[in-house]
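need a structure here:
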Amino acid sequence: MKPQSLRTDDCAGVIKFYSNMVYRLAFARTGTKYDADEIFQEVFLRYIRKQPVFENEGHRKAWFIKVTVNCSKKLWGSAWKRKIVPLEETVLFETKEDIDLYNELQQLPAKYREVIHLFYYEDMSTEEIAEVLERKNSTVRTQLTRARALLKNILKEDYDV
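Take a look at the predicted model:
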């Protein structure tokens, strides 16, 4: 389904179209399936309740990204989250490469995982990422550079073993 074919009154189509993006971003920010599920539900509940009107699909995509980021910030800021211990969980992936990449990305701090995700998986520019995450453009570029360097070192360590 192409974004141009989405009708503004087709809620199910919009949810279907943006569900993977929202879930991947929530998962990249939280690192756990359970928290990503919670954020995913909250984002689409807000969409259904508010029924926002958008100028174009770019605006709609930015809204979903911003709400996902805000929901994940809210989740980690809650008193409940600060007092729990995360459980180890296994995530199902299709290929060994996906499993390896997941494990390597999980070694990065959350601020680096999210810029990597938005840049490579959501195809956003550093300017767009800065706007969505409410950071300076130079900060996002620095975080992206540091994330790449950390990931390169992680990959080097994995292959040197």
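
which helices and strands sit right next to the longest helix belonging to the chain?
Longest helix in the chain, counting residues (DSSP state H): helix 137-160. Applying 3 or more Cβ pairs under 8 Å, 6 or more residues apart in numbering; DSSP states H and E, one finds that helix 137-160 makes contact with helix 96-106, helix 110-116, helix 126-133. In short, each C-beta sits where N, CA and C put it, glycine included.

wait, what's in contact with the residue most central in space within the chain?
With distances taken as Cα atoms, centre = their mean, the residue of the chain nearest its centroid is residue 25 (1.4 Å). When contacts are counted by Cβ atoms under 8 Å, 6 or more residues apart in numbering, residue 25 touches 65, 68-69, 114, 117-118, 121-122.

out of those, who has the most neighbours?
residue 68 (27 neighbours; other Cβ atoms under 10 Å).

tell me which element it is part of?
Using DSSP states H and E, residue 68 sits within helix 57-77.

mind listing what's buried in the host helix or strand of residue 37?
Taking DSSP H and E as the definition, residue 37 sits inside helix 33-50. Of the residues in helix 33-50, those buried under the neighbour-count criterion (16 or more other Cβ atoms under 10 Å) are 35-36, 38-40, 42-44, 46-47.

Throw these into a markdown table and include distance to residue 10 and pLDDT, thanks.
Formatted as a markdown table, the entries for the buried residues of helix 33-50 read as follows, by distance: Cβ to Cβ, whole Å; pLDDT from 0 to 100:
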| residue | distance to residue 10 | pLDDT |
| --- | --- | --- |
| 35 | 28 | 87 |
| 36 | 25 | 90 |
| 38 | 25 | 92 |
| 39 | 23 | 93 |
| 40 | 19 | 94 |
| 42 | 21 | 94 |
| 43 | 17 | 95 |
| 44 | 14 | 95 |
| 46 | 17 | 94 |
| 47 | 12 | 94 |
